[in-house]
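Peer 1: here's my sequence, what's the structure:
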Amino acid sequence: MSTTTTTAPVAVSDPAPTGLDGAPERDRVDLGSVRVVHTRHWFRWALSAILIFAIAQFVWSLFTNENYEWNVFATYFFSEPVISGIGYTLALSAISASVGFVLGTVLALGRLSKSPLLNSISWSYIWFFRSVPLVVQIIVWYNLGYLYPTLGLGTPFTTDFWIVEFPTVQLISAVAAAILGLGLHQAAYSAEIIRGGLISVDQGQQEAAAALGIPAHKRLFRIILPQAMRSIVPNATNEVIGLVKGASVVFVIAIPELFYAVQVIYNRNSRVIPLLLVAVVWYTIITTILSIAQYYIERYYARGSVRTLPPTPLQRARHWVAVQWNRLGDGATAPPPLHGADAAPVLSVAQQGTANDAKFGGNA
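Peer 2: Residues are numbered from 1 along each chain as shown. As a prediction, the model looks like this:
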């Protein structure tokens, strides 16, 4: 006789639902209910408040301190001696910078030359002119007639200038002495700046150009130098700005540049601070113009290193105005994205197609 045993089915509970990370739903936290607490930078805010207070205090003193004598400043800011002094300053700076960078390029190539003679001469020139103070060089050039009363061409190693002869005092005037002093002094510093830019270019560029049979002068001016300009321009601009202000040392030989003109005026009327402010503001204006020019020159030579040039300040400002205008609801269409190295372009869906999409009838 057989016995049949019946077993009741066991109920199996469904597993608890889990999220994407595998954790049960009951253990998950709703991030929307979490209160966000921002990091408080107490030191940063305190330092910023102190700096703002100091700047505000200084600006307030500019308008309330009568010793600045802004009426005197306004009287002489566009006066004829000051404007004439600015002309002398700019002319001396431009000519001296041209002489300095042209000669500095030759010296830099001499320093990179495989000729021991050229290398030694270039190094000696740079060493000497960086060692002697600029004001001493200008005074020596101005008084060169004490050492050599006459200069000319004639029998070598004699003073028999039978071909042509000039009195040194007439040949080297005050302006010529200033240009020689500033230009030759600047060449020593420019040579090192240019040499540093040239050696910053990868050696493979030179080797690849030489392997293609490109002549040496074309390798230098068409391949190496354009790439080196990205390193040369910032330091070269610093030197030019320093030269504009350094040209004030020519007052020792009575050239009426900006500082000399201001100095003559305040020696007559004893208004030292207002006249010095005139010089400071004009130097600031010149420096600002040179800095703007540096930005655009750097941007020009950045074409070989970035695919898209960064937007200019004017382009940034116009884009910002367009965005704000669109937020007001007055713009018909949304402004295009700001392209550039500092702001990656944001493509729309219609712009994300490829050439294959266009070929097979997809997005154009």
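
Peer 1: CA only for contacts and neighbour counts going forward, please
Peer 2: Noted.

Peer 1: so where's this protein shaky on pLDDT?
Peer 2: Low-confidence segments of the chain, defined by pLDDT under 70: 1-27, 29, 304-307, 329-364.

Peer 1: scan it for its longest helix.
Peer 2: Ranked by residue count, the top helix of the chain under DSSP state H comes out as helix 80-112.

Peer 1: in the very next helix or strand once past it, what's buried?
Peer 2: Counting by DSSP states H and E, the next helix or strand C-terminal to helix 80-112 is helix 116-131. For helix 116-131, the neighbour count (16 or more other Cα atoms under 10 Å) marks 118-119, 122-123, 125-126, 129-130 as buried.

Peer 1: with stretch 192-203 instead?
Peer 2: Neighbour-count burial for stretch 192-203 [16+ other Cα under 10 Å]: 192-195, 197-198, 200-201.

Peer 1: ok now it, how far from the chain's centre?
Peer 2: Here stretch 192-203 is found 17 Å from its chain centre; the criterion is Cα atoms, centre = their mean, to the nearest Å.

Peer 1: if we can go back for a sec, dump the buried residues of stretch 192-203 to JSON lines, plus secondary structure.
Peer 2: Below are the buried residues of stretch 192-203 laid out as JSON lines (DSSP: H, G, I helix; E, B strand; the rest coil):
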{"residue": "192", "secondary structure": "helix"}
{"residue": "193", "secondary structure": "helix"}
{"residue": "194", "secondary structure": "helix"}
{"residue": "195", "secondary structure": "helix"}
{"residue": "197", "secondary structure": "helix"}
{"residue": "198", "secondary structure": "helix"}
{"residue": "200", "secondary structure": "coil"}
{"residue": "201", "secondary structure": "coil"}
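
Peer 1: output those residues in JSON lines; the columns should cover distance to residue 269.
Peer 2: Listed next are these as JSON lines, based on distance: Cα to Cα, whole Å:
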{"residue": "192", "distance to residue 269": "44"}
{"residue": "193", "distance to residue 269": "43"}
{"residue": "194", "distance to residue 269": "46"}
{"residue": "195", "distance to residue 269": "48"}
{"residue": "197", "distance to residue 269": "48"}
{"residue": "198", "distance to residue 269": "51"}
{"residue": "200", "distance to residue 269": "53"}
{"residue": "201", "distance to residue 269": "55"}
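
Peer 1: the residue nearest the centre of the chain: what's it in contact with?
Peer 2: Residue closest to the mean C-alpha point of the chain, counted by Cα atoms, centre = their mean, is residue 234 at 3.9 Å. Residues in contact with residue 234 (Cα atoms under 8 Å, 6 or more residues apart in numbering) are 294, 298.

Peer 1: separation between it and residue 295?
Peer 2: From residue 234 across to residue 295, the span is 9 Å (Cα to Cα, to the nearest Å).

Peer 1: how about residue 37?
Peer 2: Taking Cα to Cα, one finds residue 37 at 41 Å from residue 295.

Peer 1: these two: which is more packed in?
Peer 2: residue 295 (14 against 6; other Cα atoms under 10 Å).

Peer 1: quick check: next helix or strand after whichever strand or helix holds that one?
Peer 2: Using DSSP H and E, the element containing residue 295 is helix 272-301. On the C-terminal side of helix 272-301, the closest following helix or strand by DSSP H and E is helix 313-327.

Peer 1: next one: that following helix to chain centre, how far?
Peer 2: How far helix 313-327 lies from its chain's middle: 25 Å, per Cα atoms, centre = their mean.

Peer 1: repeat that for stretch 175-186.
Peer 2: Remark: stretch 175-186 is offset 24 Å from the chain centroid, using Cα atoms, centre = their mean.

Peer 1: kindly report the same for stretch 294-303.
Peer 2: Here stretch 294-303 shows a centroid-to-chain-centroid distance of 9 Å under the convention Cα atoms, centre = their mean.

Peer 1: ok, and for that stretch, which residues are buried?
Peer 2: 294, 298-299, 301-302.

Peer 1: identify the farthest-apart pair in those.
Peer 2: Spatial extent of those (Cα to Cα) is set by the pair 294 and 302 at 12.1 Å.
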